[in-house]
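Undergrad: Have a look at this prediction, sequence included:
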Amino acid sequence: MLSYPEGFSDIKGIRFTPFTSDTNRKPRVGIMVGNYHTDHPSQLVNRLWELLRDETELRFYLGTEGSSFLTGMVSNDSNYDYQYSHLYGYSVFDDLDILVLSMGTLSIYQDAISVKEFAKGLPDIPIVLLENDAELPHSIWVITDNYMGMSECVEHLITVHGLSKIVFIAGPVGNCDSDERLQAYYDVMEKHGYPVTDKMVVHGDYSEYVDDKINLLFDNNPGVEAIVSANDEMAVAIYRVCKERGLKVGEDIAVTGFDDTEMSRYMDPPLTTVKQDYGLFSDATAEKIRAVIRGEETTSYRVPTTFICRSSCKCKAASDSPAGEKLEERSALIHNMWESVDYRRQSWIGILLMRELLLESTDLQTFFQKLGECLVHLDVDRSYIYMLEDPAIVSPEDELGEPGDSYLAMVQDGKHCKAYPYRKSTMLRRSKGSGIPAAIPEGGYMSFLLYYGEYQYGTFNVGIEPERIKFFYMISLEIGSALRYLQMYAEQQRYQAELQMISRTDNLTRLYNRFGLIDIVPEYVRKHRRNKIVAVMADVDHLKQINDTFGHNEGDVAIIAAGEILRSAMGHSAPLGRTGGDEYMCIFATDSVENMEHKIAKIKDGCRKYNERSGKPYYVDISVGYHMIDGREFTDISSIMGEADKMLYEQKKLRRENVIRQQQ
């Protein structure tokens, strides 16, 4: 007789405060799901959407998994699935009333994730916890009866088929569903006197890409008779490895799963498994949510399971496909086929749109404006994007918590969309009851994380129905890639600007050098062609004497001082540069010779003031020559500077004989 361990099924009742709203809005329910690409999470989302969409505002926070698809193709360093464990912190901006945490699917992103630690970074509101029976404040849980279901499965292998060499592949470490199923395996094996060693159990990630784990079980357990999988997905890998090893499932070895996913019926041979009734599970979850909203006393709940016997466990007489299911299965197959065709069409459209969007965008605001316009063409009713104020580098070791400062980057409502300048829109803060930004349209949303590699950018929130989630998950990945490209483009532009500045700038005075002047003067003259253009040549009087007497450090001080005096006199808009050791060149636009004479007077006055306060044992004096032409006659900088240099030569004859101050 199968039974629970002592104290296993103790359940307490709890009553919540009824939901109320001053604005008559519907209760806002946040549902956090991971591993969406697998069967259970996607069915959960679809069913909760059907049951609750009319009476609540649903906000699904959707994580999935990408690394498992690339197993064996790229290095482990490219696994960034841990990013999704940080997606859920963005819920603090959404003014939720109830949280639903699918912990069984969320825990794949971090080893031994603690429910209590995870909940610390989330809004302090009632929680309906799924696939985990942890006791949290203001929470109830709904969990599949993993223990009894797996107990019945292992008991069947032992008592019906007489098997004893049974090994087990569990789910992620710390995953509650997996832990309960594993415990059932241990207990039933112990009950029959079959010891379990460490080599008889491995942990997978619930995906079908666990071939290395299955091979390890075979290598460490010669003569194994049965492999029990904690879910149906990993059983796919068991079938694949058995085929590679020349073993026939259902004859040479028994294999069982857990979940009764749709594919389990069509595997060859059909998979013996434990049925999780997703309909019952989702219905129970919806009822618990309603009870919380109404403020009724309610209890946590274990959803019953059913053992499904098919051919993979060596039961030859098992009915693998009941006649009553034929029509329903055929309809589902046709639906899936058309869904696949439609998804393929949308995928091509989405990728092409994103490519065009990137080609036309060089900054974030333009990118988001065009993205909003694309979403209109993709028949999206409403969407919005939160962006971190600065991209965050997230590592697997980072603690879970709310994101940093964020801003509203884009809002799309029907055919209208608005992108906001970087950091210039509504800044988002955690504040229960403060309400989400008024610009965001009301309604349910699917939320996707925007990231690329270790960089995290924000969230993409779309008002769509569940059947479009896969497509918009792909779009979210494309947006993440685009944001990384734009980030790299901006960094490259800054880097190039810095390099250009270095190549065009004199490192001592920070004025232009000769190349900088040659580069900038033509454009300056073009803008002032209707004015007179004055070319100015200047140099520091007796710089060699300063260097020889006081050293080159003091000569550098004189050069810097002369540059500052010239900049003050000529103005900041005029291109001014140091073109040699003691030489300076400047171009400026004017309407009169008197203006130039005024500037020469400012240079002389600047030298006088500097010498009065410098305390240096030498004078800093500047000789100046200039030449004026009509802007429309300008051809090149060298011709106009030649005339200015001639005047400078004449002016230098008038300089003082000695710049060394006389000792007082």
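TA: Structure received. Residues are numbered from 1 along each chain as shown.

Undergrad: does Pro441 count as helix, strand or coil?
TA: Here Pro441 is coil, with the state taken from DSSP: H, G, I helix; E, B strand; the rest coil.

Undergrad: Next up, the contacts around it.
TA: Counting by Cβ atoms under 8 Å, 6 or more residues apart in numbering, Pro441 touches Asp381, Arg382, Tyr384, Val411, Asp413, Gly463. All C-beta spots, glycine's among them, are computed from the backbone N, C-alpha and C.

Undergrad: buried set for stretch 639-650?
TA: Residues Ile640, Met641, Glu643, Ala644, Asp645, Met647, Leu648 are the ones in stretch 639-650 that count as buried (16 or more other Cβ atoms under 10 Å).

Undergrad: Report the lowest-confidence entry in the residues you listed.
TA: pLDDT across the buried residues of stretch 639-650 is lowest for Ile640, at 80.

Undergrad: got a list of what that residue touches?
TA: Contact analysis of Ile640 by Cβ under 8 Å, 6+ apart lists Ile533, Ala535, His627, Ile629, Phe634.

Undergrad: do you know how far the second one is from Ile640?
TA: As for Ala535, its distance to Ile640 is 4 Å (criterion: Cβ to Cβ, to the nearest Å).

Undergrad: Now do the shared contacts for these two.
TA: His627, Ile629.

Undergrad: Next, count neighbours for the residue lying closest to Asp405 once chain neighbours are set aside.
TA: Computed as Cβ to Cβ, 6 or more residues apart in numbering, the closest residue to Asp405 that is not its neighbour in sequence is Glu389, at 4.3 Å. The tally of other residues near Glu389 (other Cβ atoms under 10 Å) stands at 15.

Undergrad: three-state assignment of Glu389?
TA: Following three-state DSSP, Glu389 is assigned to strand.

Undergrad: Look up the pLDDT of it for me, please.
TA: Reported pLDDT for Glu389: 86.

Undergrad: what sits against Glu643?
TA: Neighbouring residues of Glu643 by Cβ under 8 Å, 6+ apart: Ala535, His627.

Undergrad: Can you pull the domain assignment for this structure?
TA: The chain breaks down into these domains under automatic domain parsing: 146-279+295-325, 514-652.

Undergrad: Just give me the residue closest to the centre of the protein.
TA: Central residue of the chain (Cα atoms, centre = their mean): Tyr451, 2.1 Å from the mean position.

Undergrad: can you put the contacts of Pro441 in JSON lines and add pLDDT and secondary structure?
TA: Converted to JSON lines, the contacts of Pro441 look like this (pLDDT from 0 to 100; DSSP: H, G, I helix; E, B strand; the rest coil):
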{"residue": "Asp381", "pLDDT": "94", "secondary structure": "coil"}
{"residue": "Arg382", "pLDDT": "95", "secondary structure": "strand"}
{"residue": "Tyr384", "pLDDT": "95", "secondary structure": "strand"}
{"residue": "Val411", "pLDDT": "95", "secondary structure": "strand"}
{"residue": "Asp413", "pLDDT": "95", "secondary structure": "strand"}
{"residue": "Gly463", "pLDDT": "95", "secondary structure": "coil"}
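
Undergrad: from the residues you listed, which single one is nearest Met263?
TA: Proximity of the contacts of Pro441 to Met263 (Cβ to Cβ) peaks at Gly463, which lies at 30.6 Å.

Undergrad: Can you find the helix or strand of the chain with the lowest average pLDDT?
TA: helix 326-359 (a mean of 55; mean pLDDT, DSSP states H and E).

Undergrad: Next SSE downstream of that one?
TA: Counting by DSSP states H and E, the next helix or strand C-terminal to helix 326-359 is helix 364-377.

Undergrad: C-alpha coordinates for that following helix, CSV please?
TA: Taking Å, rounded to 0.1, in the frame of the first residue of the first chain, the C-alpha atoms of helix 364-377 are listed here in CSV:
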residue,chain,number,x,y,z
LEU,A,364,17.8,54.5,-29.5
GLN,A,365,14.9,56.9,-29.9
THR,A,366,14.8,56.3,-33.7
PHE,A,367,15.1,52.6,-33.2
PHE,A,368,12.2,52.4,-30.8
GLN,A,369,10.0,54.7,-32.9
LYS,A,370,10.4,52.4,-35.9
LEU,A,371,10.0,49.4,-33.7
GLY,A,372,6.6,50.7,-32.6
GLU,A,373,5.6,51.3,-36.2
CYS,A,374,6.6,47.7,-37.0
LEU,A,375,4.5,46.4,-34.1
VAL,A,376,1.5,48.2,-35.6
HIS,A,377,2.1,46.3,-38.9
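
Undergrad: Low-confidence stretches in the stretch 1-150 of the chain?
TA: 1, 7-11, 65-79, 107-113 (pLDDT under 70).

Undergrad: switch the cut-off to 80
TA: For the stretch 1-150 of the chain, residues meeting the criterion pLDDT under 80 lie at 1-13, 21-23, 37-39, 64-82, 85, 104-114, 117-121.

Undergrad: before we move on, the earlier item: packed most tightly, which of the domains of the chain would that be?
TA: Stretch with highest mean neighbour count among the domains of the chain: domain 146-279+295-325 (a mean of 19; mean count of other Cβ atoms under 10 Å).

Undergrad: Arg59 belongs to a helix?
TA: No: under the criterion used here (three-state DSSP), Arg59 is strand, not part of a helix.

Undergrad: Who is it paired with across the strands?
TA: Using DSSP bridges, the bridge partners assigned to Arg59 are Gly30, Tyr445.

Undergrad: Can you give me every residue that contacts the residue nearest to Asp405?
TA: Gly404, Asp405, Ser406, Tyr407, Arg423, Met427.
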